[in-house]
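Q: The sequence and its predicted three-dimensional model are supplied below.
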Amino acid sequence: MGHVGRSHGVITDVLSKCNVPVIKVEGHEADDVVATLAGQVLQRGYRVVIASPDKDFKQLISEDVQIVMPLEDLDRWSFYTLKHYLAQYNCDPCCDLSLRCIIGDEVDGVPGIQHVAPGLYAQDALTKYADYLRRNHKVLALRRDVDVQLKEEWLVEREDAL
């Protein structure tokens, strides 16, 4: 059992004592549950802050969704916003999934496209690697349709949260 597995009970207990809901949906990954709930929060007119080191959540970045993630260089956690995303990738976050399908994601075990020459036209690359990119997309895409419903008591307005 890994470090997190051994600590799971303690973490769950601490979160419960801090009135932080602990939600588990059988058969679904936590990031898909979070993505689904984030969408429900946005539909109710709230803004969302997700605290996680999982870069898959960059798919959700917007004016109304921020991530608090670890900055290993600074040995601390910090907000990661739309402004940071644009500065890092020079593209809109709605393209994040497509970008990661092409460049790969080592943590998720998804290799990127190798040996794509700079002169290769985008359409040629998309055609040549279509099946490969579809597989990567299936692995990397956050689901937003998990059967979980947001409870009103989970929502807490904070004036200075964002």
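A: Perfect, thanks for sending it.

Q: Where do the strands of this protein begin and end?
A: In the chain, the strands defined using DSSP state E lie at 48-51, 65-71, 76-80, 104-105, 110-111.

Q: Out of these, which is the most enclosed?
A: Mean neighbour count (mean count of other CB atoms under 10 Å) peaks for strand 65-71 among these, with a mean of 18. Where C-beta positions appear, they are placed from N, C-alpha and C, glycine not excepted.

Q: where in this structure is pLDDT low?
A: 1-6, 115-123, 157-162 (pLDDT under 70).

Q: check contacts around the spatially most central residue of it.
A: Centroid-nearest residue in the chain, with CA atoms, centre = their mean: Phe57, separated by 1.2 Å. Contacts for Phe57 (CB atoms under 8 Å, 6 or more residues apart in numbering) come out as Asp31, Val34, Ala35, Ile50, Ile67, Leu142.

Q: coming back round to it: arrange the strands of the chain in CSV, one row each, with distance to Leu97 as further columns.
A: Listed next are the strands of the chain as CSV, based on distance: least, CB to CB, whole Å:
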stretch, distance to Leu97
strand 48-51, 16
strand 65-71, 15
strand 76-80, 17
strand 104-105, 10
strand 110-111, 11
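
Q: looking at the ones you listed, which is closest to Gln149?
A: Proximity to Gln149 (CB to CB) singles out strand 48-51 among the strands of the chain, at 16.2 Å.

Q: That closest one packs against which elements?
A: helix 30-43, strand 65-71 (3 or more CB pairs under 8 Å, 6 or more residues apart in numbering; DSSP states H and E).

Q: got those as a markdown table, with distance to Val110 columns?
A: Output for these, formatted as a markdown table (distance: least, CB to CB, whole Å):
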| stretch | distance to Val110 |
| --- | --- |
| helix 30-43 | 14 |
| strand 65-71 | 19 |
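
Q: how about the helices in this protein?
A: 3-17, 30-43, 82-89, 96-103, 122-128, 130-140 (DSSP state H).

Q: Let me have those in TSV, adding distance to Ile113 and mean neighbour count as columns.
A: TSV is the format used below for these (distance: least, CB to CB, whole Å; neighbours: other CB atoms under 10 Å):
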stretch	distance to Ile113	mean neighbour count
helix 3-17	32	10
helix 30-43	24	18
helix 82-89	17	14
helix 96-103	6	18
helix 122-128	7	11
helix 130-140	7	14
